[in-house]
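Trainee: Here's my sequence, what's the structure:
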Amino acid sequence: MRVDYGQLALCSQTLRRQGEQHLPAMSRYVQDRGILTPADTGMIMMPFTALSLAIAVVGVQIADGLAQVMNSAADKVEGAAAAYAEQEKALHDRMNQILAPLGGGTPFVDPRSNPPTLPAAQGGAPAGHGDPEPWLFEQAYDAGQSLVSGGRGMVDDISGAVDSWSVGATGVVERQDPSSFLVAPNATKSEVESMRWGAGPLLGGVDWVFEKIAGFSLLEDVIMKPFAGDWTGIEEVSIAWQYLGEASRAVADNTAGLVQQGEFWDGEAGLAFRGGMTAIGGTMFGVGAACDIVSAKVGTLVLVSKSAAAAIGLILNQISQKLLRMAAEATVPVAGWIVAAAEGAHLATKIFSLVRLIYTIVDTIFDAIEGAVEAKAQLVETALLVDDLLRLLVDTGRRAAA
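Mentor: The predicted structure follows:
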(Lines give C-alpha, C1' and ligand atoms only; values in the text may rest on other atoms or scores of the structure.)
Protein backbone atom coordinates (compact mmCIF):
# COMPACT_ATOMS: atom_id res chain seq x y z
CA MET A 1 0.00 0.00 0.00
CA ARG A 2 1.29 3.45 -0.98
CA VAL A 3 0.55 6.55 1.14
CA ASP A 4 2.09 10.02 0.86
CA TYR A 5 1.62 11.76 4.20
CA GLY A 6 2.46 15.17 2.77
CA GLN A 7 -0.25 14.84 0.13
CA LEU A 8 -2.68 13.55 2.77
CA ALA A 9 -2.00 16.69 4.79
CA LEU A 10 -2.66 18.87 1.73
CA CYS A 11 -5.89 16.94 1.08
CA SER A 12 -7.04 17.61 4.61
CA GLN A 13 -6.13 21.29 4.34
CA THR A 14 -7.99 21.62 1.04
CA LEU A 15 -11.13 20.10 2.51
CA ARG A 16 -10.76 22.14 5.69
CA ARG A 17 -10.46 25.34 3.67
CA GLN A 18 -13.72 24.55 1.90
CA GLY A 19 -15.46 23.70 5.18
CA GLU A 20 -14.08 26.45 7.39
CA GLN A 21 -13.66 29.30 4.91
CA HIS A 22 -15.52 29.06 1.60
CA LEU A 23 -18.80 27.37 2.55
CA PRO A 24 -19.30 29.53 5.67
CA ALA A 25 -18.63 32.54 3.42
CA MET A 26 -21.36 31.26 1.09
CA SER A 27 -23.74 30.85 4.03
CA ARG A 28 -23.11 34.44 5.13
CA TYR A 29 -23.47 35.64 1.54
CA VAL A 30 -26.92 34.06 1.29
CA GLN A 31 -27.98 35.88 4.43
CA ASP A 32 -26.44 39.20 3.37
CA ARG A 33 -27.21 39.23 -0.35
CA GLY A 34 -29.77 36.52 -1.14
CA ILE A 35 -32.73 38.00 0.75
CA LEU A 36 -34.85 40.96 -0.28
CA THR A 37 -35.48 43.04 2.83
CA PRO A 38 -36.68 46.51 1.77
CA ALA A 39 -37.66 48.93 4.51
CA ASP A 40 -40.86 49.79 2.67
CA THR A 41 -42.36 46.78 0.90
CA GLY A 42 -45.15 47.42 -1.56
CA MET A 43 -48.12 45.15 -2.08
CA ILE A 44 -46.67 43.59 -5.23
CA MET A 45 -43.23 42.90 -3.79
CA MET A 46 -44.46 41.53 -0.45
CA PRO A 47 -44.95 37.89 -1.64
CA PHE A 48 -41.47 37.85 -3.14
CA THR A 49 -39.95 39.22 0.06
CA ALA A 50 -41.38 36.28 2.01
CA LEU A 51 -40.37 33.82 -0.72
CA SER A 52 -36.80 35.12 -0.89
CA LEU A 53 -36.50 34.59 2.87
CA ALA A 54 -37.79 31.01 2.58
CA ILE A 55 -35.35 30.26 -0.24
CA ALA A 56 -32.47 31.77 1.72
CA VAL A 57 -33.24 29.63 4.78
CA VAL A 58 -32.84 26.49 2.66
CA GLY A 59 -29.71 27.92 1.04
CA VAL A 60 -28.11 28.53 4.43
CA GLN A 61 -29.05 25.00 5.50
CA ILE A 62 -27.32 23.58 2.40
CA ALA A 63 -24.15 25.65 2.84
CA ASP A 64 -23.89 24.82 6.55
CA GLY A 65 -24.54 21.14 5.87
CA LEU A 66 -21.86 21.01 3.19
CA ALA A 67 -19.41 22.76 5.51
CA GLN A 68 -20.03 19.93 7.94
CA VAL A 69 -19.47 17.43 5.13
CA MET A 70 -16.13 19.01 4.21
CA ASN A 71 -14.91 19.20 7.80
CA SER A 72 -15.98 15.60 8.43
CA ALA A 73 -14.10 14.50 5.30
CA ALA A 74 -11.00 16.35 6.53
CA ASP A 75 -11.34 14.58 9.89
CA LYS A 76 -11.51 11.23 8.10
CA VAL A 77 -8.37 11.96 6.11
CA GLU A 78 -6.50 13.02 9.23
CA GLY A 79 -7.80 9.96 11.07
CA ALA A 80 -6.59 7.69 8.29
CA ALA A 81 -3.15 9.34 8.37
CA ALA A 82 -3.00 8.87 12.15
CA ALA A 83 -3.95 5.19 11.79
CA TYR A 84 -1.27 4.63 9.14
CA ALA A 85 1.33 6.39 11.30
CA GLU A 86 0.35 4.25 14.29
CA GLN A 87 0.83 1.12 12.21
CA GLU A 88 4.25 2.32 11.08
CA LYS A 89 5.20 3.08 14.68
CA ALA A 90 4.13 -0.38 15.79
CA LEU A 91 6.21 -1.93 13.00
CA HIS A 92 9.17 0.29 13.90
CA ASP A 93 8.96 -0.67 17.59
CA ARG A 94 8.88 -4.35 16.63
CA MET A 95 11.96 -3.95 14.45
CA ASN A 96 13.76 -2.15 17.28
CA GLN A 97 13.02 -5.05 19.60
CA ILE A 98 14.60 -7.41 17.09
CA LEU A 99 17.65 -5.20 16.54
CA ALA A 100 18.16 -4.26 20.21
CA PRO A 101 20.31 -7.31 21.08
CA LEU A 102 22.56 -6.40 18.15
CA GLY A 103 22.94 -2.82 19.40
CA GLY A 104 20.75 -1.45 16.66
CA GLY A 105 17.50 0.48 16.67
CA THR A 106 16.56 4.07 15.86
CA PRO A 107 14.04 6.53 17.31
CA PHE A 108 10.70 6.69 15.54
CA VAL A 109 10.04 9.80 13.46
CA ASP A 110 6.35 10.51 12.97
CA PRO A 111 5.78 10.74 9.18
CA ARG A 112 3.18 13.44 9.80
CA SER A 113 5.71 15.85 11.29
CA ASN A 114 6.55 19.02 9.34
CA PRO A 115 3.61 18.75 6.90
CA PRO A 116 3.53 21.02 3.83
CA THR A 117 1.27 24.06 3.85
CA LEU A 118 -1.42 24.43 1.22
CA PRO A 119 -0.71 27.54 -0.89
CA ALA A 120 -3.31 29.96 -2.19
CA ALA A 121 -5.73 28.72 -4.82
CA GLN A 122 -4.48 28.56 -8.39
CA GLY A 123 -7.49 30.37 -9.83
CA GLY A 124 -10.64 32.27 -8.97
CA ALA A 125 -13.22 34.67 -10.34
CA PRO A 126 -12.32 36.05 -13.77
CA ALA A 127 -11.45 39.67 -14.45
CA GLY A 128 -14.55 41.84 -14.59
CA HIS A 129 -16.53 39.61 -12.25
CA GLY A 130 -19.02 41.80 -10.40
CA ASP A 131 -19.16 44.53 -13.05
CA PRO A 132 -22.59 46.07 -13.74
CA GLU A 133 -25.05 43.79 -15.47
CA PRO A 134 -25.64 44.18 -19.23
CA TRP A 135 -28.73 45.68 -20.78
CA LEU A 136 -32.11 43.99 -20.68
CA PHE A 137 -32.05 41.56 -23.62
CA GLU A 138 -28.42 40.58 -23.11
CA GLN A 139 -29.30 39.81 -19.50
CA ALA A 140 -32.19 37.61 -20.63
CA TYR A 141 -29.77 35.68 -22.82
CA ASP A 142 -27.26 35.33 -19.96
CA ALA A 143 -29.92 34.03 -17.57
CA GLY A 144 -30.55 31.07 -19.86
CA GLN A 145 -26.86 30.58 -20.54
CA SER A 146 -26.09 30.25 -16.83
CA LEU A 147 -28.07 27.01 -16.68
CA VAL A 148 -26.42 25.69 -19.84
CA SER A 149 -22.90 26.60 -18.72
CA GLY A 150 -23.41 24.89 -15.38
CA GLY A 151 -24.26 21.56 -16.97
CA ARG A 152 -21.62 21.95 -19.67
CA GLY A 153 -18.98 22.75 -17.05
CA MET A 154 -19.85 19.60 -15.15
CA VAL A 155 -19.49 17.44 -18.27
CA ASP A 156 -16.20 19.09 -19.23
CA ASP A 157 -14.72 18.64 -15.77
CA ILE A 158 -15.75 15.00 -15.51
CA SER A 159 -14.35 14.37 -18.98
CA GLY A 160 -11.09 15.98 -17.93
CA ALA A 161 -10.95 13.78 -14.85
CA VAL A 162 -11.42 10.64 -16.91
CA ASP A 163 -8.77 11.71 -19.42
CA SER A 164 -6.23 12.32 -16.65
CA TRP A 165 -6.67 9.02 -14.81
CA SER A 166 -3.80 7.46 -16.72
CA VAL A 167 -1.45 10.39 -16.08
CA GLY A 168 -0.88 9.71 -12.38
CA ALA A 169 -0.67 12.00 -9.39
CA THR A 170 -0.13 15.70 -10.01
CA GLY A 171 0.15 16.88 -6.39
CA VAL A 172 -2.69 18.26 -4.30
CA VAL A 173 -3.62 21.88 -4.99
CA GLU A 174 -6.68 24.04 -4.54
CA ARG A 175 -7.77 24.83 -8.06
CA GLN A 176 -10.26 27.63 -7.40
CA ASP A 177 -10.95 30.26 -4.75
CA PRO A 178 -14.74 30.01 -4.36
CA SER A 179 -14.90 33.04 -2.06
CA SER A 180 -13.56 35.25 -4.87
CA PHE A 181 -16.91 34.87 -6.67
CA LEU A 182 -18.87 36.26 -3.70
CA VAL A 183 -18.74 39.97 -4.51
CA ALA A 184 -21.49 42.54 -4.07
CA PRO A 185 -24.06 42.30 -6.89
CA ASN A 186 -24.14 45.38 -9.08
CA ALA A 187 -27.64 45.78 -10.53
CA THR A 188 -28.75 48.27 -13.12
CA LYS A 189 -31.16 51.08 -12.29
CA SER A 190 -34.70 49.83 -11.76
CA GLU A 191 -37.18 50.74 -14.50
CA VAL A 192 -39.95 50.22 -11.94
CA GLU A 193 -38.59 52.99 -9.73
CA SER A 194 -38.18 55.27 -12.74
CA MET A 195 -41.80 54.59 -13.70
CA ARG A 196 -42.98 55.14 -10.13
CA TRP A 197 -41.27 58.46 -9.64
CA GLY A 198 -42.04 59.61 -13.17
CA ALA A 199 -45.73 59.08 -12.49
CA GLY A 200 -45.76 61.95 -9.99
CA PRO A 201 -45.06 64.79 -12.41
CA LEU A 202 -47.15 63.06 -15.08
CA LEU A 203 -50.30 62.60 -12.99
CA GLY A 204 -49.84 65.09 -10.18
CA GLY A 205 -51.87 67.83 -11.83
CA VAL A 206 -54.76 65.65 -13.04
CA ASP A 207 -54.99 62.87 -10.44
CA TRP A 208 -57.88 64.80 -8.82
CA VAL A 209 -59.87 64.26 -12.01
CA PHE A 210 -59.45 60.49 -11.81
CA GLU A 211 -60.32 60.52 -8.11
CA LYS A 212 -63.56 62.32 -8.87
CA ILE A 213 -64.68 59.73 -11.41
CA ALA A 214 -63.28 56.60 -9.69
CA GLY A 215 -63.38 57.36 -5.98
CA PHE A 216 -59.68 56.53 -5.41
CA SER A 217 -56.30 57.96 -6.39
CA LEU A 218 -54.62 56.58 -9.49
CA LEU A 219 -51.25 57.93 -8.36
CA GLU A 220 -51.34 56.62 -4.78
CA ASP A 221 -53.50 53.49 -4.94
CA VAL A 222 -52.47 52.09 -8.35
CA ILE A 223 -48.85 53.22 -8.63
CA MET A 224 -47.16 54.45 -5.44
CA LYS A 225 -48.43 51.97 -2.84
CA PRO A 226 -48.35 48.74 -4.90
CA PHE A 227 -44.96 49.49 -6.45
CA ALA A 228 -43.26 50.74 -3.28
CA GLY A 229 -39.96 49.25 -2.19
CA ASP A 230 -36.50 48.65 -3.61
CA TRP A 231 -37.09 46.95 -6.95
CA THR A 232 -33.37 47.08 -7.73
CA GLY A 233 -32.98 44.66 -4.82
CA ILE A 234 -34.78 41.93 -6.77
CA GLU A 235 -32.17 42.05 -9.50
CA GLU A 236 -29.42 42.06 -6.89
CA VAL A 237 -30.89 38.87 -5.37
CA SER A 238 -30.87 37.24 -8.82
CA ILE A 239 -27.22 38.21 -9.38
CA ALA A 240 -26.27 37.03 -5.88
CA TRP A 241 -27.64 33.53 -6.53
CA GLN A 242 -25.78 33.48 -9.85
CA TYR A 243 -22.54 34.18 -7.96
CA LEU A 244 -23.41 31.48 -5.41
CA GLY A 245 -23.77 29.01 -8.28
CA GLU A 246 -20.33 29.95 -9.58
CA ALA A 247 -18.83 29.59 -6.10
CA SER A 248 -20.48 26.17 -5.74
CA ARG A 249 -18.93 24.98 -9.00
CA ALA A 250 -15.55 26.27 -7.80
CA VAL A 251 -15.87 24.10 -4.68
CA ALA A 252 -16.87 21.20 -6.93
CA ASP A 253 -13.78 21.82 -9.05
CA ASN A 254 -11.62 21.62 -5.94
CA THR A 255 -13.09 18.27 -4.90
CA ALA A 256 -12.82 16.96 -8.47
CA GLY A 257 -9.17 17.91 -8.30
CA LEU A 258 -8.74 15.74 -5.20
CA VAL A 259 -10.10 12.78 -7.17
CA GLN A 260 -7.56 13.35 -9.93
CA GLN A 261 -4.71 14.07 -7.53
CA GLY A 262 -5.50 11.17 -5.20
CA GLU A 263 -3.27 8.59 -6.89
CA PHE A 264 -0.75 8.92 -4.04
CA TRP A 265 -3.23 7.02 -1.82
CA ASP A 266 -4.00 3.52 -3.06
CA GLY A 267 -5.70 0.56 -1.47
CA GLU A 268 -9.33 0.26 -0.42
CA ALA A 269 -9.16 3.33 1.80
CA GLY A 270 -7.81 5.48 -1.04
CA LEU A 271 -10.48 4.16 -3.37
CA ALA A 272 -13.14 4.93 -0.76
CA PHE A 273 -11.72 8.44 -0.42
CA ARG A 274 -11.91 9.09 -4.15
CA GLY A 275 -15.45 7.72 -4.21
CA GLY A 276 -16.41 10.08 -1.40
CA MET A 277 -14.82 13.05 -3.18
CA THR A 278 -16.69 12.16 -6.36
CA ALA A 279 -19.97 12.13 -4.43
CA ILE A 280 -19.19 15.47 -2.78
CA GLY A 281 -18.18 17.02 -6.11
CA GLY A 282 -21.35 15.78 -7.79
CA THR A 283 -23.41 17.25 -4.97
CA MET A 284 -21.67 20.60 -5.29
CA PHE A 285 -22.42 20.65 -9.02
CA GLY A 286 -26.04 19.98 -8.07
CA VAL A 287 -25.96 22.88 -5.63
CA GLY A 288 -24.58 25.10 -8.38
CA ALA A 289 -27.39 24.05 -10.72
CA ALA A 290 -29.97 24.75 -8.01
CA CYS A 291 -28.49 28.22 -7.47
CA ASP A 292 -28.70 28.83 -11.22
CA ILE A 293 -32.38 27.91 -11.14
CA VAL A 294 -33.02 30.37 -8.31
CA SER A 295 -31.12 33.07 -10.22
CA ALA A 296 -33.02 32.35 -13.44
CA LYS A 297 -36.44 32.31 -11.75
CA VAL A 298 -35.76 35.56 -9.94
CA GLY A 299 -34.23 36.92 -13.14
CA THR A 300 -37.51 36.19 -14.90
CA LEU A 301 -39.26 38.33 -12.31
CA VAL A 302 -36.73 41.09 -13.01
CA LEU A 303 -37.43 40.95 -16.76
CA VAL A 304 -41.19 40.82 -16.26
CA SER A 305 -41.15 43.78 -13.88
CA LYS A 306 -38.98 45.82 -16.27
CA SER A 307 -41.29 45.07 -19.19
CA ALA A 308 -44.31 45.84 -17.02
CA ALA A 309 -42.83 49.17 -15.97
CA ALA A 310 -42.28 50.14 -19.59
CA ALA A 311 -45.84 49.19 -20.56
CA ILE A 312 -47.39 50.90 -17.53
CA GLY A 313 -45.37 54.05 -18.27
CA LEU A 314 -46.94 54.23 -21.75
CA ILE A 315 -50.40 53.59 -20.34
CA LEU A 316 -50.01 56.31 -17.71
CA ASN A 317 -49.05 58.73 -20.45
CA GLN A 318 -52.27 57.90 -22.33
CA ILE A 319 -54.34 58.21 -19.16
CA SER A 320 -52.73 61.55 -18.35
CA GLN A 321 -53.61 62.92 -21.79
CA LYS A 322 -57.24 61.84 -21.44
CA LEU A 323 -57.51 63.27 -17.92
CA LEU A 324 -56.06 66.56 -19.15
CA ARG A 325 -58.65 66.66 -21.91
CA MET A 326 -61.46 65.96 -19.45
CA ALA A 327 -60.22 68.69 -17.12
CA ALA A 328 -59.91 71.17 -19.97
CA GLU A 329 -63.42 70.47 -21.22
CA ALA A 330 -64.81 70.71 -17.67
CA THR A 331 -66.59 67.35 -17.97
CA VAL A 332 -66.08 66.62 -14.26
CA PRO A 333 -68.38 68.65 -11.99
CA VAL A 334 -67.62 69.48 -8.39
CA ALA A 335 -70.01 66.77 -7.22
CA GLY A 336 -67.66 64.15 -8.64
CA TRP A 337 -69.71 62.55 -11.38
CA ILE A 338 -69.57 62.94 -15.11
CA VAL A 339 -72.76 64.62 -16.19
CA ALA A 340 -71.64 66.63 -19.17
CA ALA A 341 -71.58 65.27 -22.66
CA ALA A 342 -71.17 61.74 -23.96
CA GLU A 343 -67.56 62.72 -24.75
CA GLY A 344 -66.75 62.73 -21.06
CA ALA A 345 -68.33 59.31 -20.51
CA HIS A 346 -66.45 57.94 -23.50
CA LEU A 347 -63.13 59.23 -22.14
CA ALA A 348 -63.88 57.78 -18.71
CA THR A 349 -64.58 54.37 -20.25
CA LYS A 350 -61.22 54.43 -22.04
CA ILE A 351 -59.46 55.46 -18.84
CA PHE A 352 -60.98 52.57 -16.89
CA SER A 353 -59.97 50.17 -19.67
CA LEU A 354 -56.39 51.38 -19.39
CA VAL A 355 -56.44 51.01 -15.60
CA ARG A 356 -57.71 47.43 -15.99
CA LEU A 357 -54.82 46.84 -18.39
CA ILE A 358 -52.41 47.98 -15.66
CA TYR A 359 -53.91 45.43 -13.28
CA THR A 360 -53.53 42.73 -15.95
CA ILE A 361 -49.86 43.62 -16.31
CA VAL A 362 -49.47 43.48 -12.52
CA ASP A 363 -50.89 39.95 -12.61
CA THR A 364 -47.96 38.89 -14.81
CA ILE A 365 -45.59 40.03 -12.06
CA PHE A 366 -47.47 37.91 -9.51
CA ASP A 367 -47.28 34.95 -11.92
CA ALA A 368 -43.50 35.42 -12.13
CA ILE A 369 -43.30 35.41 -8.33
CA GLU A 370 -45.27 32.16 -8.20
CA GLY A 371 -42.82 30.67 -10.70
CA ALA A 372 -39.99 31.33 -8.25
CA VAL A 373 -41.59 28.80 -5.89
CA GLU A 374 -40.13 26.09 -8.15
CA ALA A 375 -36.67 27.33 -7.21
CA LYS A 376 -37.37 26.70 -3.54
CA ALA A 377 -38.51 23.16 -4.35
CA GLN A 378 -35.24 22.55 -6.20
CA LEU A 379 -33.23 23.76 -3.21
CA VAL A 380 -35.20 21.54 -0.84
CA GLU A 381 -34.33 18.51 -2.99
CA THR A 382 -30.68 19.56 -2.87
CA ALA A 383 -30.83 19.88 0.92
CA LEU A 384 -32.10 16.30 1.13
CA LEU A 385 -29.22 15.25 -1.11
CA VAL A 386 -26.76 16.85 1.33
CA ASP A 387 -28.29 14.81 4.17
CA ASP A 388 -27.79 11.65 2.12
CA LEU A 389 -24.20 12.70 1.46
CA LEU A 390 -23.51 13.01 5.18
CA ARG A 391 -24.65 9.42 5.69
CA LEU A 392 -22.54 8.28 2.74
CA LEU A 393 -19.52 10.02 4.22
CA VAL A 394 -19.98 8.17 7.51
CA ASP A 395 -19.94 4.85 5.64
CA THR A 396 -16.87 5.94 3.66
CA GLY A 397 -15.11 6.85 6.89
CA ARG A 398 -15.84 3.41 8.33
CA ARG A 399 -14.25 1.77 5.29
CA ALA A 400 -11.25 4.08 5.50
CA ALA A 401 -10.68 3.17 9.15
CA ALA A 402 -10.99 -0.57 8.46
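
Trainee: separation between E86 and G270?
Mentor: Note on E86: its distance to G270, by Cβ to Cβ, to the nearest Å, is 18 Å. Yep, even glycine has a C-beta here, placed from its N, CA and C like the rest.

Trainee: Then A375?
Mentor: The spacing between A375 and G270, counted by Cβ to Cβ, is 38 Å.

Trainee: sorry, back to before: give me the more crowded residue out of E86 and G270.
Mentor: G270 (19 against 11; other Cβ atoms under 10 Å).

Trainee: Least confident secondary structure element in this structure?
Mentor: Lowest by mean pLDDT, DSSP states H and E among the helices and strands of the chain is helix 136-163, with a mean of 48.

Trainee: okay, and for the stretch 201-350 of the chain, where does confidence drop off?
Mentor: Counting by pLDDT under 70, the stretch 201-350 of the chain has low-confidence residues at 201-205, 224-225, 228-230, 262, 328-347.

Trainee: what do you get for the stretch 51-200 of the chain?
Mentor: Checking the stretch 51-200 of the chain against pLDDT under 70 turns up 103-105, 133-170, 189-200.

Trainee: remind me, longest helix of the protein?
Mentor: Longest helix in the chain, counting residues (DSSP state H): helix 267-328.

Trainee: Which other helices and strands does it contact?
Mentor: helix 46-99, helix 136-163, helix 191-203, helix 207-214, helix 232-261, helix 342-371, helix 373-401 (3 or more Cβ pairs under 8 Å, 6 or more residues apart in numbering; DSSP states H and E).

Trainee: switch the cut-off to 6 Å
Mentor: Contact analysis of helix 267-328 by 3 or more Cβ pairs under 6 Å, 6 or more residues apart in numbering; DSSP states H and E lists helix 136-163, helix 191-203, helix 207-214, helix 232-261, helix 342-371, helix 373-401 as its packing neighbours.

Trainee: Hmm, I315 is touching S353, no?
Mentor: No: using Cβ atoms under 6 Å, I315 makes no contact with S353, being 9.8 Å away.

Trainee: and these two? which has more neighbours close in?
Mentor: I315 (16 against 11).

Trainee: The more buried one: what's its closest spatial neighbour, skipping adjacent residues?
Mentor: By the measure of Cβ to Cβ, 6 or more residues apart in numbering, the closest residue to I315 outside its immediate chain neighbours is L354, 5.0 Å from it.

Trainee: okay but the one you found is in contact with N317, surely?
Mentor: No: counting by Cβ under 6 Å, L354 does not reach N317; the two are 10.0 Å apart.

Trainee: between these two, which one's more packed in?
Mentor: Ranked by neighbour count (other Cβ under 10 Å), L354 and N317 place L354 first, with 17 against 13.

Trainee: residues in contact with the more buried one?
Mentor: 315, 318-319 (Cβ atoms under 6 Å, 6 or more residues apart in numbering).

Trainee: From F273, how far off is it?
Mentor: L354 sits 66 Å away from F273, going by Cβ to Cβ.

Trainee: Can you tell me the SS state at the spatially closest residue to V77 that is not a sequence neighbour?
Mentor: Excluding the flanking residues, the one nearest V77 by Cβ to Cβ, 6+ apart is S12, at 4.5 Å. Under DSSP: H, G, I helix; E, B strand; the rest coil, the three-state class of S12 is helix.
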